[in-house]
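[1] Need a 3D model of the sequence below.
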Amino acid sequence: MKLAANLTLLFTEVPALQRPALAAQAGFDGVEVLFPYDHEIADWQSALGAMPLALINTPAGNWAAGERGWAAVPGAEGLFRDGFRRALDHALGLRAGLIHVMSGIASGPEAETTLLRNLDWAAQQAGPVGLVIEPLNPVDMPGYFLNDFAQAARILARLDQSSVGLQADLWHVWRLGLRFADVWERYGPRIQHIQIAGKSGRHEPDAETAADLAILDTYRGWVAAEYFPAGPTAENLGWIDTLRAS
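    Residues are numbered from 1 along each chain as shown. All right, here's what the predicted structure looks like:
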């Protein structure tokens, strides 16, 4: 199992550029950073060293004002393309394997058409970098366009681009009222990135997390720890050995 630390949520006791070193010391194989844009690419290169960067997100915009990206937002194509170019610069400069394309707050057939058009354009720009889309649950992310795995699979089928796949976060799977085993059975061939947390409160991965991951006999992608630590990150990492042992 290739285990990555989400540096946006973990090791927040120290500044962002100090977190890759702590993740390496803790036994993670790599990292992901949701929004690396507050620091220059060269600074991230120095901070990461040999630590692989599994994934970054496209820029979300003004998070406090409710923006969550623009890929599915009609009329925001210019914002999306500018943001994607920025994400691609970072992904190429930092050798990130994947870019999570954030759909944004939107709804309806026009939004789906917009997302398809933007994904097709992005896939043609991305070169060696893979793209993923992720269904997010409407409780934690109200109004987010992509909120269902069947919907995401339909969009990928219409898009028909092998370089664009699915991202599956166990927390969102559970909050959508789904079983990960069912999601994996139906959409496993499309899933290129998995994120994990504990089922209770989205804290440290727990026994239910381990049980869900036990079915991943053919998966070769990253498993990224994206959770809210219940205390200082480094003091509650016993789950790593437990998970690897299981």
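[2] Endpoints of stretch 53-64, how far apart?
    26 Å (CA to CA, to the nearest Å).
[3] hmm, who's touching it?
    2, 4, 30-37, 44, 67-71, 79-80, 83-84, 86-87, 90-91, 94-102, 104, 132, 167, 193, 222, 224 (CB atoms under 8 Å, 6 or more residues apart in numbering). All C-beta atoms are positioned from the backbone trio N, CA, C, and that covers glycine.
[4] Tell me the spacing between residue 46 and residue 37.
    From residue 46 across to residue 37, the span is 17 Å (CB to CB, to the nearest Å).
[5] Between these two, which is the more surrounded one?
    Taking other CB atoms under 10 Å, residue 46 and residue 37 do not tie; residue 37 has more neighbours (19 against 12).
[6] Nearest residue to the more buried one in space, ignoring adjacent ones along the chain?
    Spatial nearest neighbour of residue 37, excluding adjacent residues (CB to CB, 6 or more residues apart in numbering): residue 59 at 6.1 Å.
[7] Regarding that neighbour, what is its secondary structure?
    coil (DSSP: H, G, I helix; E, B strand; the rest coil).
[8] What is the worst-scoring helix or strand of the chain on mean pLDDT packed up against?
    Across the helices and strands of the chain, mean confidence by mean pLDDT, DSSP states H and E is lowest for helix 238-245: a mean of 92. Judged by 3 or more CB pairs under 8 Å, 6 or more residues apart in numbering; DSSP states H and E, the packing partners of helix 238-245 are strand 2-6, helix 207-213.
[9] could you redo the last one with a cut-off of 10 Å?
    When contacts are defined as 3 or more CB pairs under 10 Å, 6 or more residues apart in numbering; DSSP states H and E, helix 238-245 packs onto strand 2-6, helix 207-213, strand 222-225.
[10] Could I get the buried residue list for the second one?
    Judged by neighbour count using 16 or more other CB atoms under 10 Å, the buried positions of helix 207-213 are 209, 210, 212, 213.
[11] Report the separation between the residue nearest the centre of the chain and residue 50.
    For the chain, the residue nearest the mean C-alpha position is residue 100 (5.6 Å; CA atoms, centre = their mean). Counting by CB to CB, the separation of residue 100 from residue 50 is 23 Å.
[12] Can you show me the helices along the protein?
    19-26, 41-48, 77-94, 109-125, 149-159, 170-175, 180-187, 207-213, 238-245 (DSSP state H).
[13] what packs against the third one?
    Under the contact criterion of 3+ CB pairs under 10 Å, 6+ apart, the helices and strands touching helix 77-94 comprise helix 41-48, strand 53-57, strand 98-100, helix 109-125, strand 130-133.
[14] so how far is the third one off the chain centroid?
    Using CA atoms, centre = their mean, to the nearest Å, we find the averaged C-alpha position of strand 98-100 to lie 7 Å away from the chain's own average C-alpha position.
[15] All set now, cheers.
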